[in-house]
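S.K.: Prediction below, plus the sequence it came from.
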Amino acid sequence: MNLVRQQTTAVAVAGVLVMSAGPTAQTVRINGAGATFPYPLYSKWFDEYRKTRPDVQINYQSIGSGGGIRQLTNQTVFFGATDGPMTDEQLTAAKAPILHLPTVLGAVVPVYNIPNVKAELRFSGQVLADIFLGRITKWNDGAIAKLNPGVSLPATDITVVHRSDGSGTTYIWVDFLSKSSPAFKSTVGVSTAVKWPTGVGGKGNEGVAGLVSQAPGSLGYVELIYAVQSRTTYGSVQNQAGEFIKATEQSVTAAAAAASRQMPADFRVSITNAPGKGVYPVSSFTWLLFFENPKDKAQARVMVDFMKWALSEGQKFAGPLGYAPLPPEVVKLELAALARIRM
Amino acid sequence: MGRKDLVFRAGTGFFGLLLILIVAAIAVELTRQSALSIQKFGLAFWRTEIWDPVAGDFGAWPFMWGTLYSSVLALMLATPIALGIAVFLSELCPASLRQPLVFLTELLAAIPSIVYGLWGIFVLVPAVRALEAATPEALRRLPLFSGPPLGVGMLSAAVILAVMVIPFTSSVAREVLRSVPMAQREAAYALGATRFEAIRSALFYARSGIVGAVMLGFGRALGETMAVTMVIGNNPQASLSLFAPQYTMAAVIANEFTEAADDLYLHALTEIGLVLFIITLVVNSLSRLLIWSMGRSRRAPRASAAGEAAA
């Protein structure tokens, strides 16, 4: 009696172990690494894609754009992800041609916390650059007041909040400020981490949002989704056409559509301060990076199929997660570019 | 019997040697991985105040200042409290309260650093901001208290480090005080000492152990990363002011390492790691020297007292 029960338990346990052993030997496992900004969306994509292709397991580590580029160059991962396009030096160091494919759009918004001011403020690139350069130090400065007639701004000091860690968000922000102000470009420059003339550094988008929501009189920059989720007030920014636009799915996608007319073949373009109406000026692509001639052809076939899915089905997951989908013009150009990956 | 002894000695000797090899390997690897930065800046790296990733100009001075300043301030805040806790728990505490209090103090040590950081952002920083805003004008003019009341800055970092250091220092000091032989205290009472004077004599006896406990806390404060980076303001400027946002070596490495795309940037960050490693070594060596010298001077009075007793 006892022996029979023992044997049944043994078989049952073995059965459970076998069933939970996971996918069979035909699973294709692909590794990628890179930017933290699109991580929530990529995570959702890999999950949803797995439902259509259960034999594919894509593993993504969000270690930062710099890390992603490094790992791709060292060929320790199959694909990389970055918020800022690779520089020419980085492309040469990779020793083989790399394809940049934009996946989704993000926007960076100016968040602020001024006691007793609930109104939505308007900013221009020049004013923001001067604030971040430390030239404008008080909220009731003439330049800010001129853009916001009818809002009574207090004489509080502006506490600038920036990122302490390197990030694609910083890249997008300083790229826009450098285009708006030559002084900013020469003093600070464009990179994922810069020498800020003034202000305090918060760690991550959460750190900046947290600091701004607590410190009265502060102004910082965060990704749109963080401003929305932390319910921090964010302002509108003046675009090249002179309109004051607030970041929304439509205004961000419009930025990419406007830029698609002069899209370079390698998609390495900055779309901040894009021309056109209804365009949000502090928008940017985020890219996936692939070798044009990868060694593992099976993985290449899977990733090309994944990209086709991401550019069509995947785009509808972007909005609810706080990203803006790619405009159809850019998707068309990318589907053509996918043919460059040799399978 | 002899052979087992030999094997035991060889085995434990091997582990001891392994430890030394690991430390040496860390030093060698840190130096190798910061070669580009050492070549470009040399010793000037230690005194340059600029940190500019875009221009490729790096210097460790603001971070060295921030690390040392915050750790020294934390020590100044934490040592009296930690010693007070140690003295209370080992000498004055009623037996029923002892175990729960010991447990609570050690619980402080078990809390992860990032939890301290979150507590810092949401509780400590607003409190410090209110304190800074309430500073009287007369004090504001001093360089020690100058600057806008941001909340994040050196003062918050010092307080959070002090809170993290207290359980380490107090538990080691408590153990040291417990190991003071009862004879010492009994002798003090026999000579007519009050409670306080007896405790003082026990503290004097245990002074090298207590210095060791304080240095342990200092070492912890030097290396603390996550809690500090969330409340210190992350601004690479070396300032005397408690209100100013500053930066530490561990914080800048944690913040900027993942996105450091070009080699010189990476090597500069690794060199900061090397600087931190060297500073920690120096601090630990100095504290060992201090403890050793205190141990030496203890023997002299005892010998002379024995000499007097014999006479």
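M.R.: Structure's in. What do you need? Numbers count the residues shown, from 1 in each chain, chains lettered A, B, ... in the order given.
S.K.: Contact residues of the stretch 1-150 of chain A facing chain B?
M.R.: A:63, A:64, A:65, A:66, A:67, A:69, A:70, A:87, A:89, A:90 (CB under 8 Å from any CB of the partner chain). Heads up, the C-betas are built off the backbone N, CA and C, glycines and all.
S.K.: since we're on the residue in the stretch 101-250 of chain B that chain A sits nearest to, how many residues are nearby?
M.R.: The minimum distance from the stretch 101-250 of chain B to chain A, using CB to the nearest CB, falls at residue B:234 (3.0 Å). If you count neighbours by other CB atoms under 10 Å in any protein chain shown, residue B:234 ends up with 31.
S.K.: surely it meets residue A:164?
M.R.: Yes. Taking CB atoms under 8 Å as the definition, residue B:234 is a contact partner of residue A:164 at 3.5 Å.
S.K.: shared neighbours, these two?
M.R.: A:201, A:202, A:203, B:251, B:255 (CB atoms under 8 Å, 6 or more residues apart in numbering or on different chains).
S.K.: Check whether the fourth one sits in a helix, strand or coil.
M.R.: To tie it back to what came earlier, the one meant is residue B:251. helix (DSSP: H, G, I helix; E, B strand; the rest coil).
S.K.: If we ignore the residues flanking it in sequence, what's nearest it?
M.R.: residue B:229 (3.7 Å; CB to CB, 6 or more residues apart in numbering or on different chains).
S.K.: Which pLDDT value goes with the one you found?
M.R.: At residue B:229, the model reports a pLDDT of 92.
S.K.: next one: residue B:90
M.R.: Note for residue B:90: predicted pLDDT of 89.
S.K.: So it versus residue B:185, what's the distance?
M.R.: 11 Å (CB to CB, to the nearest Å).
S.K.: ditto for residue A:332
M.R.: 87 Å.
S.K.: of the two, who's got more company?
M.R.: residue B:185 (18 against 13).
S.K.: which residues touch that one?
M.R.: Residue B:185 neighbours (CB under 8 Å, 6+ apart): B:198, B:201, B:202.
S.K.: For the stretch 201-311 of chain B, which residues are neighbours of chain A?
M.R.: So the stretch 201-311 of chain B meets chain A at B:229-230, B:233-235, B:245, B:251, B:254-256, B:258-262, B:265 (CB under 8 Å from any CB).
S.K.: Among these, which lie within strands?
M.R.: With strands defined by DSSP state E, no entry of these lies inside them.
S.K.: Could you check which residue of the stretch 201-343 of chain A lies nearest chain B?
M.R.: Closest residue of the stretch 201-343 of chain A to chain B, CB to the nearest CB: residue A:201 (3.0 Å).
S.K.: would you say residue B:286 is within a strand?
M.R.: No. Using three-state DSSP, the secondary structure at residue B:286 is helix, not a strand.
S.K.: hang on, the earlier thing: so the residue nearest to residue B:251 sits against residue A:202, correct?
M.R.: No. Checked against CB under 8 Å, the pair residue B:229 and residue A:202 is beyond contact range at 9.5 Å.
S.K.: Okay, now the unreliable bits of chain A?
M.R.: A:1, A:9-25 (pLDDT under 70).
S.K.: which residue ranges form the helices in chain A?
M.R.: Along chain A, the stretches classed as helices by DSSP state H are A:2-19, A:39-52, A:65-73, A:88-93, A:125-133, A:142-147, A:168-180, A:182-187, A:204-214, A:224-229, A:249-260, A:297-312, A:328-338.
S.K.: wait, which of those is closest to residue B:67?
M.R.: In terms of CB to CB, the element of the helices of chain A nearest to residue B:67 is helix A:204-214, at 19.9 Å.
S.K.: so who does whichever residue of the stretch 1-150 of chain A sits closest to chain B touch?
M.R.: Per CB to the nearest CB, residue A:64 is where the stretch 1-150 of chain A lies closest to chain B, at 3.5 Å. Shown in contact with residue A:64 (CB under 8 Å, 6+ apart): A:34, A:35, A:36, A:166, A:167, B:258, B:259.
S.K.: of the residues you listed, closest to residue A:97?
M.R.: Checking those against residue A:97 by CB to CB gives residue A:34 as the nearest, at 18.1 Å.
S.K.: burial count for the closest one?
M.R.: Counted with other CB under 10 Å, residue A:34 comes out at 32.
S.K.: Show me what it is bridged to.
M.R.: residue A:81 (DSSP bridges).
S.K.: that older thread, mind putting the shared contacts of residue B:234 and residue A:164 in a markdown table, distance to residue A:27 included?
M.R.: As requested, these are arranged in a markdown table below (distance: CB to CB, whole Å):
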| residue | distance to residue A:27 |
| --- | --- |
| A:201 | 42 |
| A:202 | 40 |
| A:203 | 37 |
| B:251 | 41 |
| B:255 | 37 |
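S.K.: picking that back up, okay, and the beta partners of the closest residue to the residue of the stretch 101-250 of chain B closest to chain A other than its chain neighbours?
M.R.: Among residues not flanking residue B:234 along the chain, residue A:201 sits closest, at 3.0 Å (CB to CB, 6+ apart). For residue A:201, the beta-bridge partners are residue A:162 (DSSP bridges).
S.K.: Please identify the buried residues of stretch B:254-263?
M.R.: B:254, B:255, B:256, B:257, B:258, B:259, B:260, B:261, B:262 (16 or more other CB atoms under 10 Å in any protein chain shown).
S.K.: From these, which land in helices?
M.R.: Per DSSP H, those map to helices at B:254, B:255, B:256.
S.K.: per-residue pLDDT, the first one?
M.R.: Translated: residue B:254. At residue B:254, pLDDT is 91.
S.K.: quick one on the thing from earlier: redo the buried residues of stretch B:254-263 as CSV? Include distance to residue A:183.
M.R.: Conversion of the buried residues of stretch B:254-263 to CSV gives the following (distance: CB to CB, whole Å):
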residue, distance to residue A:183
B:254, 31
B:255, 26
B:256, 25
B:257, 30
B:258, 30
B:259, 25
B:260, 26
B:261, 25
B:262, 25
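S.K.: quick one: which of these is nearest to residue A:131?
M.R.: So of these, ranked by how close each gets to residue A:131 (CB to CB), first place is residue B:255, at 22.4 Å.
S.K.: If you average the pLDDT over whatever helix or strand residue B:28 lives in, what comes out?
M.R.: In the assignment (DSSP states H and E), residue B:28 maps to helix B:2-33. The average pLDDT for helix B:2-33 rounds to 95.
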